[in-house]
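Asks: Give me a 3D structure for the following:
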Amino acid sequence: MTIIIDYGLGNLGSILNILHIIGERAAISKDPEEILKADRLILPGVGSFDEGMNNLKDNNLIQTIKMAANKGIPILGICLGMQLLGEGSEEGNEEGLGLIPFYSKKFSFENSDLKIPHMGWNIISIENDNELTNGMKDSEQRFYFVHSYHAVCKNKENVMMTCDYGDVFAAGVVKNNVYGVQFHPEKSHSFGINLFKNFVGIKNVQ
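Replies: I've put the predicted structure just below:
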């Protein structure tokens, strides 16, 4: 069973529909007991960093997510959900979950016509091949992005994917059983479906 964490932000229904399409048993929940019993977790998110962290705090989910990570439950953060996995963001003042050592910074372009937010389809490159990216490295992978902030990882090994928008940035991050993608796989057609198929195949190794 895959649980999509409900903390008041994110495309919950869209993600649930795709999981059902690929045959995965899935549900939306904010119940800590259900979350800690899940086979895997998805942390979605659309909105501001501080709003996301405060919503997690208000729903008593911060420690629950950290406990799930420590139990080895595979976790996938999407868009804002990915940024919440890090240590913090220029967008706000709240501390992040601290599950992956990175900090989110706003795009800054000099002498460029590039717009913020980075919005639309873009190609990603696999830097750290793992169970989530299985089968993706040998073909072009295109995903749908909508974001103004991007992850800056402290360690190269935590950069799972990169994308080029004015400069190369981390489009996906990883540490052990915790994964994050900056794009929206639920809006990325067959590319996103394949990523979700890979995710639901990841097992708790503990």
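
Asks: contacts and neighbour counts: CA atoms only from here.
Replies: Noted.

Asks: Need the pLDDT of the closest residue to residue 95 other than its chain neighbours.
Replies: If you skip the residues right next to it in sequence, residue 95 has residue 88 as its closest partner in space, 5.0 Å away by CA to CA, 6 or more residues apart in numbering. Residue 88 is assigned 98 on the pLDDT scale.

Asks: Quick one: residues contacting residue 88.
Replies: Contacts here follow CA atoms under 8 Å, 6 or more residues apart in numbering; on that basis residue 88 touches 94, 95, 96, 98, 102, 103, 104.

Asks: what's the answer for residue 100, then?
Replies: If you count contacts by CA under 8 Å, 6+ apart, residue 100 has them with 85, 86, 87, 158, 173, 174, 175, 178.

Asks: and of those residues, the nearest to residue 3?
Replies: Distances from the contacts of residue 100 to residue 3 were compared by CA to CA; the smallest belongs to residue 178, at 14.5 Å.

Asks: pretty sure that closest one is touching residue 70, no?
Replies: No. Using CA atoms under 8 Å, residue 178 and residue 70 do not qualify as a contacting pair, with a distance of 9.8 Å.

Asks: These two: who's more crowded?
Replies: residue 178 (21 against 15; other CA atoms under 10 Å).
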